[in-house]
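Enquirer: give me a 3D structure for the following:
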Amino acid sequence: MAEKQKYLVCERRSVFALLTLSAGMMGAYTFNLRGGVFCNAQTANVVLMAIAFGAGNWSEGCYYLIPISAYLAGAFLSEILPSPVRRFGFLRWDTYLVAFECLALFAIGFIPLSWPHHLVQVLVNFIASMQYNTFRQAEGIPMATTFCTNQLRQVGVGFAKMLRKGDRDGLHRALFFLGMLGCFFAGGVLSTVASHLLFAKAIWLNLIPLGIVLVRLVRADLVEEKELLSQKPAGH
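Expert: Numbering: from 1, shown residues only. Take a look at the predicted model:
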């Protein structure tokens, strides 16, 4: 009961686990079916743009400005929109975002694999950026739901603290991030299996974890946390 009073539903670890599961699905989907790229983060695109420019392939390099700009736009909008949305006093920005993700991923399932992959890639760039910037802390622990580099680091740091100092909190933190890594990994496995069976519509598998999150957030906004709509999630 104390946990529910301290943390908003949008900050719960279970919500972050489902979002991370969905992100793993998105990464595997775009790699398996939409051009062999990971769209959840932009490190690769920045490196590829630098390589293209360094090799004198200017047109190829300039292309990467498109997904990078989509990611930038997602971060920009997810930072600008929460304040006006909060004034409506109906649903949180987090809830609207998950609903938008569900609609966008549902629409992607209708885009034939024969179409240029860039359309889907840019849309996933945009979605991933907004999710990354919106869901920032799981019960007070900073984390990213759309990629797992920091999770790997935190697992190593946590186990190191346990070994050096007997820090049980470090162990618990390491196990938490290890669990999130497992969610991301499971999402990739499930999406890969679905890709071989459902092809373009494999992205609809994401609607299961996202749908669960959406139901929980809507219920929280309208019932459980109706009086707390003005309260910002931690990290914002």
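Enquirer: can you name the element that comes right after the lowest-mean-pLDDT helix or strand in the chain?
Expert: Using mean pLDDT, DSSP states H and E, the weakest-scoring helix or strand in the chain turns out to be helix 2-6, at a mean of 52. Counting by DSSP states H and E, the next helix or strand C-terminal to helix 2-6 is helix 13-33.
Enquirer: buried ones in the following helix or strand past that next one?
Expert: Per DSSP H and E, the first helix or strand lying C-terminal to helix 13-33 is helix 43-54. Neighbour counts over helix 43-54 (16 or more other Cβ atoms under 10 Å) mark 45, 48-49, 52 as buried. Glycine gets a C-beta too; all of them are placed from N, C-alpha and C.
Enquirer: cool, stretch 161-175 as well?
Expert: Using 16+ other Cβ under 10 Å as the burial criterion, the residues of stretch 161-175 that qualify are 161-162, 167, 170, 173-174.
Enquirer: what's the residue most central in space within the chain sitting at in phi/psi?
Expert: In the chain, the centroid-proximal residue (Cα atoms, centre = their mean) is Thr146; its distance is 3.4 Å. Per-residue torsions, Thr146: phi -100, psi -10 (degrees, to the nearest 10).
Enquirer: let me see the contact set for it.
Expert: Thr146 sits next to 20, 23, 26, 40-41, 128-129, 131-132 when contact means Cβ atoms under 8 Å, 6 or more residues apart in numbering.
Enquirer: rewinding a little: among the buried residues of helix 43-54, which one sits closest to Leu181?
Expert: Distances from Leu181 to those, taken as Cβ to Cβ, are shortest for Asn45 (22.9 Å).
Enquirer: how close does that closest one sit to Val122?
Expert: 11 Å (Cβ to Cβ, to the nearest Å).
Enquirer: what touches both of those two?
Expert: Common neighbours of Asn45 and Val122 (criterion: Cβ under 8 Å, 6+ apart): Pro67.
Enquirer: for this structure, which helix is longest?
Expert: Counting residues, the longest helix found in the chain (DSSP state H) is helix 168-198.
Enquirer: show the contacting residues for the residue sitting furthest away from the middle of the chain.
Expert: Distance to the chain centre peaks in the chain at Gly56, reaching 33.8 Å (criterion: Cα atoms, centre = their mean). Taking Cβ under 8 Å, 6+ apart, we find Gly56 in contact with no residue.
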